[in-house]
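> got a predicted structure here, sequence first:
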Amino acid sequence: QVQLVESGGGLVQAGGSLRLSCIASGITFSLNAMGWYRQAPGEQREWVATISSGGLKNYGDAVKGRFAISRDNAKNTVYLQMNSLTPEDTAVYYCNLGGWSSRPGPYWGQGTQVSVSS
């Protein structure tokens, strides 16, 4: 059974940073692409970043240059380092397994709330 568990969300002031983590279990983590998506209140879910099994990275335009995705296969963990946060980054952030870019895979975490105050 695949499980994805996110952590690291919280409240931060504009211009601040947060690092999200997602631990995966029930799969061979190193063989799978991983991604982060977000959903703000009243909005559709938005692709944030993805990283392939080989470490290739891809970012949505809204976060390019500010966010960085990485993975540690020894820990079955994918990270999202978020810098220069703005109130527009406020959303629930979801970890995803098996997708690429704007096409998510079938497995999702429960989400972690990120709130950025102005």
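Everything's here; your move.
> every contact and neighbour count from this point should use C-alpha atoms.
Fine.
> list the buried ones in whatever helix or strand residue 5 lives in?
Following DSSP states H and E, the helix or strand that holds residue 5 is strand 3-7. By neighbour count on 16 or more other C-alpha atoms under 10 Å, the buried set for strand 3-7 is 4, 5, 6, 7.
> grab the nearest non-local neighbour of the third one.
Among residues not flanking residue 6 along the chain, residue 22 sits closest, at 4.2 Å (C-alpha to C-alpha, 6 or more residues apart in numbering).
> ok, the one you found - how many residues close by?
Look at residue 22: counted by other C-alpha atoms under 10 Å, it has 26 neighbours.
> distance check, it against residue 81.
12 Å (C-alpha to C-alpha, to the nearest Å).
> okay, and the common contacts of these two?
Applying C-alpha atoms under 8 Å, 6 or more residues apart in numbering, one finds that no residue jointly contacts residue 22 and residue 81.
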